[in-house]
Structure formats: structure tokens, C-alpha cells
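# no sequence on this one, just coordinates:
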């Protein structure tokens, strides 16, 4: 009997050790920053390890395209910007699927000099609007189709604030956690208008996995999603020190002050923790909303009706479970 108990205990120990050896490579879409904080927190504070995961975070950046690496099996999970690329994957029969969405609202925005325009609709009267190349083929089409903007206003945005800073009437695209902060540092306070508050209803900072992994190893996907979600709750609502240290080690250009400012933007604009996430938890996915965004981009002419099977874009199998909500203080 004693021998049997010892063997059982040894087997349990070995099983635990084996689970802890699950190596996961998670690739982001940009350099480490506050907007990735929950993932770095989960890595640094041991949450991933607690869930039996050895997670390596592989940064994106200006010369790095991690997207092809997922389908090729060189990474296990990928952070993506919004649902447009996920729609495109399905249209092109690339076998990946969204398993969680960490931003309830897309941080994509327009900024204007403080007090120059009274509201979103008034921005459509701006003489010029700076939009980058990617935006010209995505949200700008929605803006001209349904929001009152016109192609005559369009000017190219080269991801440099000089043109904006030198023209009080200029309007430009922005990411709510970056350009508004940079402009204010240079003495130009701004009004920030989230597109999400005016109908651009995509999810953002989603996590994709290969369909094969979802079907064959759902336990691994569940553990990664749960641990990431807990990381986000700890980073936002408890002590982010370990996450911040990991971010600054990965990207030395980051500072404590800058990271705190990013997190404040995330919370103040309801980018994370608001809407359906307040009910179902960070990471939540509402499949009706995925369909609604597809309808939006079809109406704007970005996609054609029938191009995409929404059931292949995302799944709510791993989210909407209120994981980590008890950590809010």
C-alpha cells in the first residue's frame, strides 16, 4: 500500500513537472510597451508558470512581421491589431482563429488641437486630415462612406508629428496611447476622438492561435488565455512593478512615467475593462459584435458580402468566464 502511494505521488510530481514544461512562444505586433502590460506581468510574476506554461514573448517592431510565423508553426500565439487581418486570414484560407480580445475598444483615434473642433462630426470640416497608408485602405474608407469625411481632405501621415504641431487646424490619425501623449509632451494639448465611440466597432489587441492547436490542444489554449487575463487584471488594478520591469528590460526606451501614462489612457478611454468586458471579463468576445463589425466594413466597401465565414474568424470558447475579475481592487 505504501509503495503504491509513493508511486502515485511520484507520478503526480512528474505530471506537474511535465505540465510546467509546456513551452509557448507568444509574438506581439510591436515593441514592448504599456499596452502589452498584462502579458509581461503574467510572465514576470509567475502567473504563466502557475498555469504550467514557459512563455517566451517575442517582440514585434518596425522591421519585424510576426504574422506569417503563426501559420508556419514557428510561434504559438500572435497578438494582432484588429479584426481586419483576421477577416483577411479567413478569406485567404489561412487556418488561424482569434481566441481572446484584450481591448474592448480599438485605440485608433483622430486627434485635433485642443478646442479647435467641438465634436467628432465637426472633424469632418477640417481642411486636412493626416492618415497613414494602412489607414487609407481601412478606417478611412469607413470614414468617407459613413462619417462625412471626403477624399479631398486626405493627406499622407508619415508617423511624424511635425505637420500636426505646425498647423492648428490639422487633424490626424493617432493611437490613443501614443500620439496624444507625445503631442502633449511637445506643448500641444489635444482632443482625442476614439473611432470606437463612433461606430468603428472592431476588437483590438486580439490573440490568434492556429486552428489545429484549438482543436487538438484546447487545454493549452485555455491556460494561456486564463493566465494572460489574470496578468492583465494584476497589471491594471494591482501592482504593475514586475510587469513594468520586464517591459523596460525588453524595450529600454520605456520609462515608469511613460508606462503609467499609457495605462491611464487605456483605463480613461475604456479601451480595456469596459463594455462587455465589465460583465464577462477582460479578453471577452461577443460573436454578434464580430459579425456587426464585418457588416460595417462590408458597407464601407472594405470587404465584400460573403467573403468571410464569421464562425472561422473567432471563437468565444476560451473567454467570457469572468476569470480574474475578483482581482479588481
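Ah, there it is. Everything numeric here is computed off the predicted structure, so don't read it as measured data.
# how about the helices in the stretch 151-300 of the chain?
For the stretch 151-300 of the chain, the helices defined by DSSP state H, counting those that start in this stretch cover 162-165, 179-185, 211-216, 218-237, 241-250, 256-268, 275-280, 287-299.
# Now tabulate those in TSV and tack on mean pLDDT.
As requested, those are exported to TSV (pLDDT from 0 to 100):
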stretch	mean pLDDT
helix 162-165	95
helix 179-185	97
helix 211-216	98
helix 218-237	98
helix 241-250	98
helix 256-268	97
helix 275-280	98
helix 287-299	98
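# just these: most buried one?
Most buried of these, by mean neighbour count (mean count of other C-beta atoms under 10 Å): helix 218-237, with a mean of 23. Just so you know, the C-beta spots here come from the backbone N, C-alpha and C atoms, and that holds for glycine as well.
# buried stuff in stretch 117-130?
117, 120, 123, 124, 126, 129, 130 (16 or more other C-beta atoms under 10 Å).
# of all those, which two lie farthest apart?
Pairwise distances across the buried residues of stretch 117-130 (C-beta to C-beta) peak at 16.6 Å, for the pair 120 and 130.
# mind checking how far residue 154 is from residue 131?
Per C-beta to C-beta, to the nearest Å, residue 154 is found 6 Å from residue 131.
# Quick check: neighbours shared by the two?
Each of residue 140 lies in contact with both residue 154 and residue 131 under the rule C-beta atoms under 8 Å, 6 or more residues apart in numbering.
# For these two, work out which one has more neighbours and name it.
Legend: neighbour count by other C-beta atoms under 10 Å for residue 154 and residue 131, higher for residue 131 (22 against 17).
# from memory the more buried one sits against residue 156, does it?
Yes: counting by C-beta atoms under 8 Å, residue 131 does reach residue 156; the two are 7.3 Å apart.
# tell me the contacts of residue 154?
Contacts of residue 154 (C-beta under 8 Å, 6+ apart): 129, 131, 136, 140.
# what's the farthest-apart pair in those?
Checking the contacts of residue 154 with C-beta to C-beta, the most distant pair is 129 and 136, at 10.5 Å.
# which residues in this protein form strands?
Assigned by DSSP state E, the chain shows strands spanning 22-27, 53-58, 77-82, 96-103, 108-113, 129-131, 154-156, 171-175, 190-194, 204-210.
# what about residue 253, neighbour count?
9.
# May I have the residues that are in contact with it?
So residue 253 contacts residue 31 (C-beta under 8 Å, 6+ apart).
# what does stretch 284-301 contact?
Stretch 284-301 has contacts (C-beta under 8 Å, 6+ apart) with 83-84, 87, 98, 100-101, 104, 141-142, 145-146, 199-203, 276-277, 303-305, 308, 310, 313-316, 319-320.
# I only care about these that end up buried; give me the PyMOL line for that.
Buried residues within these, by 16+ other C-beta under 10 Å, are selected in PyMOL with:
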select buried, resi 83+84+87+98+100+101+104+141+142+200+201+202+203+276+277+303+308+310+313+314+315+316+319+320
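# my guess is residue 28 meets residue 55, correct?
No: using C-beta under 8 Å, residue 28 is not in contact with residue 55, being 11.8 Å away.
# Residue 133 and residue 296, how far apart?
As defined by C-beta to C-beta, residue 133 lies at a distance of 21 Å from residue 296.
# again, but for residue 191
Distance, residue 191 to residue 296, using C-beta to C-beta: 24 Å.
# any idea how far the closest residue to residue 124 other than its chain neighbours is from residue 253?
Closest residue to residue 124 apart from its sequence neighbours, by C-beta to C-beta, 6 or more residues apart in numbering: residue 148 at 3.7 Å. With the distance defined as C-beta to C-beta, residue 148 ends up 38 Å from residue 253.
# Then residue 165?
Relative to residue 253, and taking C-beta to C-beta, residue 165 is found at 21 Å.
# so where is the chain shaky, pLDDT-wise?
1-20 (pLDDT under 70).
# Can you tell me the centre-most residue of it?
In the chain, the residue lying closest to the centroid (C-alpha atoms, centre = their mean) is residue 205, at 1.1 Å.
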